[in-house]
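Trainee: turn this into a model:
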Amino acid sequence: MSSKDVQQTLVVFKPDTVQRGLVGEILTRFERVGLKIVATKMIAPDTAHYHKHYEEIGQMITRRGEHAFDVTLKMMIEGPVIAMVFEGVEAVALVRKLVGTTEPKSALPGTIRGDFSHMSFGYADSENKGIPNLIHASGDPEEAEKEIAHWFADNELYAYKTTHEKFTR
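Mentor: Numbers count the residues shown, from 1 in each chain. Okay, here's the model as predicted:
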């Protein structure tokens, strides 16, 4: 396995995770599989920050429309978030697997969304609200790179060795 297989990925613990007091329990899942935290901070981003994240990087408005962005934005500004960068072997795919599908109702038991949330897209749409699905996770390595640069300055990312890296890399 080459060093290109060791990746960094962005995870944002959304306001529903912070407000429900689930950050520690969910964070444990990422650490337990051998992912290393290389950056973390609590932040309350403004509309411009979220616009860049969801549209300029994620293409949400382009793919799903302005309304989807608006309800997501309304949910995201309800409170602070905790942004983290994790590092590990094929970290992007590993985090996506741990998190589960975007719609909590469809997420499998054992995934973060499957275990801690349950709302369907249909219900969220009928209530005109964003879907509280706990976590944002980068979709692919290229997106992860852009998102990390958007949320963190280079001097906020740390390189260090953990004692268990010999078992996970």
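Trainee: list the buried ones in stretch 120-138?
Mentor: For stretch 120-138, a neighbour-count test (16 or more other CB atoms under 10 Å) marks 124, 130, 131, 132, 133, 134, 135, 136, 137, 138 as buried. Just so you know, the C-beta spots here come from the backbone N, C-alpha and C atoms, and that holds for glycine as well.
Trainee: show me what it is in contact with.
Mentor: Here stretch 120-138 makes contact (CB atoms under 8 Å, 6 or more residues apart in numbering) with 9-14, 16-17, 22, 26, 71-76, 92, 95-96, 99, 102-106, 112-113, 116-117, 119, 144, 147-148.
Trainee: one step back: I'd like to know which of the buried residues of stretch 120-138 is nearest to residue 87.
Mentor: Within those, distances to residue 87 taken as CB to CB reach their minimum at residue 138, with 12.3 Å.
Trainee: mind listing the strands for the protein?
Mentor: Ranges of strands within the chain are 6-13, 36-43, 81-89, 135-137, based on DSSP state E.
Trainee: and these: which comes nearest residue 165?
Mentor: Taking CB to CB, strand 36-43 is the member of the strands of the chain nearest to residue 165, at 7.3 Å.
Trainee: contacts for that closest one?
Mentor: Taking CB under 8 Å, 6+ apart as the rule, strand 36-43 contacts 8, 18, 30-31, 80-88, 148, 151-152, 156-159, 162, 165.
Trainee: quick one, that strand and strand 6-13 angle?
Mentor: 30 degrees (axes from the mean of the first three to the mean of the last three CA atoms, to 10 degrees).
Trainee: circling back: can I get the strands of the chain in a markdown table including mean pLDDT and distance to residue 57?
Mentor: Output for the strands of the chain, formatted as a markdown table (pLDDT from 0 to 100; distance: least, CB to CB, whole Å):
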| stretch | mean pLDDT | distance to residue 57 |
| --- | --- | --- |
| strand 6-13 | 98 | 10 |
| strand 36-43 | 98 | 16 |
| strand 81-89 | 97 | 14 |
| strand 135-137 | 97 | 11 |
